[in-house]
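Asker: Turn this into a structure:
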Amino acid sequence: MPHPPRDSPVRSDIQEEKRENSLIGWVLHILSLLSQPAHIHEHMLNIATTQVLVRYLIKCPNPLPRAGRILIRLSKNIYSTMSFINQRHMSWLTRTIEDRPTVIEKNQGCKSCENLELLRDILVQNISVFAESGYCEGQMCLSLMRGTKQEKQNVAISAAILIRRRKLLRNVLITHDGLEVLLDVCESIRNDPALFSDAVLSCSNLGAHVGVVAMDLLLDPKEDTNCFHDNEHNDHPKDLTLSLDDGSEIQIHRETIANASPVFGAMFTGGFMESGQSKIKIPFLTHPCLTIVLHHLYGCVWCDAFKGLQVSVLMELVSVSDQFLLPDLNQTICHEITTRCLNVKQVVEIYQTSLQREYLVHGSKESLSKCAVNYLIVGEMSHFKRVQLWEELMKSKAKSDFVDDVGKTIRSKLLELH
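Answerer: From the prediction side, this is the model:
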């Protein structure tokens, strides 16, 4: 008897039947039956069961859809909810799906990735419905008051991911100190890396939900790399010398700089004594900082002179741009600083330096340190990268300041009236 064509429906049905009758197919059939009673056995609700099903869906090239249906069925049972909360099913699932190589390398057009992300969203939505019920609210609050340390940690992490209603979040995280438990986990990185990773994920999800906005969402990165400084500088006579504290000097064209900056314009052409001098002392500025200011005044947005600047120069430019009334330069530099928070080697220096004074950020209601904290909470980056950055801060002397700032940021948003 001839075999049916490879792409024929008959052949597909035969292959599907073989898969259903395979050992894995029978195991999934048994698990499916065990997931149907109203009161499900505790072994079915153990995180190990979830991990096996999810890893099967991730690693198998063409998994049986029954595995996903089992998880969805479990998520629709109210008696399963506290088991999911107490064992942190959703934080593990979210981390596992995001850290999967296909998600990182093929973020678009991967059907398997789309199916997994859809499954995660369905599970979170289903569990959230029951997590916000009066029964689960009471159980979570009771665990936070009288539970063991581990129970408190698991509830705090899961509540921050699953609960959406702000009033309920305030009750669990503020009234019953769930947020403090969550922040304590962040400070205890060395005890349990997986627990720390879940806590970082919860803080990020919670921050995004309550309205924390990263600076990179407010400001567009500057893409103009043209340099106008050299052309303009060479086309006009250098009739003024700026002298710095370190003895270095920079020659400029007086009129060009005066027209570009109201502060320099008042200094060079107003009634000040500097207006008639050929050399003017510019105190408290370093040579690299003044160089960037002049590039900006000549019309440069982000030319080669801006690239590779040390953190100390960038922080100086934040203050100088505010002092000289240069809001565009201030925004550009602040955007660069917050973006550099992605650099594990620089994040601690940036955050510690931003704490030393109140650096103002034009176009934002927040100081630079708050913008950096917001970026580290909800800025666009992978979970793996966020954990790396938080780990670096937790190992530094700024650990307590950072955790306190994260807590203040999230708490203030939670307490806002809507």
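Asker: how close does the closest residue to residue 405 other than its chain neighbours get to residue 33?
Answerer: Closest residue to residue 405 in three dimensions, ignoring its sequence neighbours and counting by C-beta to C-beta, 6 or more residues apart in numbering: residue 373, at 4.6 Å. C-beta here means a position set from N, CA and C on the backbone, and glycine is covered the same way. With distances taken as C-beta to C-beta, to the nearest Å, residue 373 is found 49 Å from residue 33.
Asker: again, but for residue 328
Answerer: Going from residue 328 to residue 33 by C-beta to C-beta gives 65 Å.
Asker: the more surrounded of these two?
Answerer: Just comparing residue 328 and residue 33: by other C-beta atoms under 10 Å the higher neighbour count belongs to residue 328, 13 against 10.
Asker: The helix or strand containing residue 370 - what's its average pLDDT?
Answerer: In the assignment (DSSP states H and E), residue 370 maps to helix 368-378. The average pLDDT for helix 368-378 rounds to 91.
Asker: and what of stretch 73-91?
Answerer: Mean pLDDT, computed over stretch 73-91, is 95.
Asker: hmm, who's touching it?
Answerer: Surrounding stretch 73-91, the residues in contact under the criterion C-beta atoms under 8 Å, 6 or more residues apart in numbering are 32, 35-36, 38-40, 42, 44-47, 50, 120, 122-124, 126-127, 130-131, 133, 135-136, 139-140, 143, 151, 154-155, 157-159, 161-162, 198, 201-202.
Asker: can you list the weak-confidence ranges in the stretch 101-250 of the chain?
Answerer: Within the stretch 101-250 of the chain, the stretches with pLDDT under 70 are 101-109, 215-224, 231-235.
Asker: Could you look up the next helix or strand downstream of the longest helix seen in the chain?
Answerer: In the chain, taking DSSP state H as the definition, the longest helix is helix 111-131. Reading on from helix 111-131 to the C-terminus, the next helix or strand found by DSSP H and E is helix 134-146.
Asker: Please parse the chain into its domains.
Answerer: Domain assignment of the chain by automatic domain parsing yields the ranges 20-214, 227-300.
Asker: where does the stretch 301-418 of the chain have low pLDDT?
Answerer: In the stretch 301-418 of the chain the weaker segments, taking pLDDT under 70 as the threshold, are 363-364, 417-418.
Asker: Provide a list of residues in contact with residue 163.
Answerer: Contacts for residue 163 (C-beta under 8 Å, 6+ apart) come out as 128, 131, 132, 169, 172.
Asker: Let me have those residues in CSV, extended by distance to residue 28.
Answerer: Putting the contacts of residue 163 into CSV (distance: C-beta to C-beta, whole Å) gives the following:
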residue, distance to residue 28
128, 26
131, 27
132, 30
169, 36
172, 35
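Asker: now, among the residues you listed, which is nearest to residue 240?
Answerer: Among the contacts of residue 163, residue 169 lies closest to residue 240 (C-beta to C-beta), at 59.0 Å.
Asker: need the contact list for that closest one.
Answerer: When contacts are counted by C-beta under 8 Å, 6+ apart, residue 169 is found next to 159, 160, 163, 206, 210, 414.
Asker: of all the domains of the chain, which gets the most neighbours per residue?
Answerer: For the domains of the chain, the largest average neighbour count (mean count of other C-beta atoms under 10 Å) is found in domain 20-214, namely a mean of 18.
Asker: how distant is it from the center of its chain?
Answerer: Counting by C-alpha atoms, centre = their mean, to the nearest Å, domain 20-214 is centred 19 Å from the centre of its parent chain.
Asker: now swap in stretch 310-323 and tell me
Answerer: Distance, centroid of stretch 310-323 to centroid of chain: 24 Å (C-alpha atoms, centre = their mean).
Asker: Okay, helices next: where are they in the stretch 101-250 of the chain?
Answerer: Under the criterion DSSP state H, counting those that start in this stretch, helices of the stretch 101-250 of the chain are mapped to 101-105, 111-131, 134-146, 149-162, 166-169, 178-187, 193-210, 229-235.
Asker: quick one: the longest one to helix 134-146, angle?
Answerer: Right, the one you point to is helix 111-131. 80 degrees (axes from the mean of the first three to the mean of the last three C-alpha atoms, to 10 degrees).
Asker: hmm, who's touching helix 111-131?
Answerer: The list of residues contacting helix 111-131 from outside it, by C-beta under 8 Å, 6+ apart, reads 57-58, 68, 71-72, 75-76, 78, 81, 84-85, 89-90, 93-94, 97, 100, 102-103, 106-107, 136, 140, 158-159, 161-164.
Asker: my read: residue 264 touches residue 293, true?
Answerer: No: the pair formed by residue 264 and residue 293 falls short of the contact definition of C-beta atoms under 8 Å, at 9.2 Å.
Asker: intersection of neighbour lists for the two?
Answerer: Overlap of the contact sets of residue 264 and residue 293 (by C-beta under 8 Å, 6+ apart) consists of residue 324.
Asker: got the domains of the chain as a markdown table, with distance to residue 334 columns?
Answerer: Supplementary listing: those in a markdown table, determined by distance: least, C-beta to C-beta, whole Å:
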| stretch | distance to residue 334 |
| --- | --- |
| domain 20-214 | 12 |
| domain 227-300 | 14 |
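Asker: So which of those domains is nearest residue 407?
Answerer: Here domain 20-214 is closest among the domains of the chain (C-beta to C-beta), at 5.1 Å.
Asker: Between the contacts of residue 163, which sits nearest residue 269?
Answerer: Distances from the contacts of residue 163 to residue 269 were compared by C-beta to C-beta; the smallest belongs to residue 169, at 57.3 Å.
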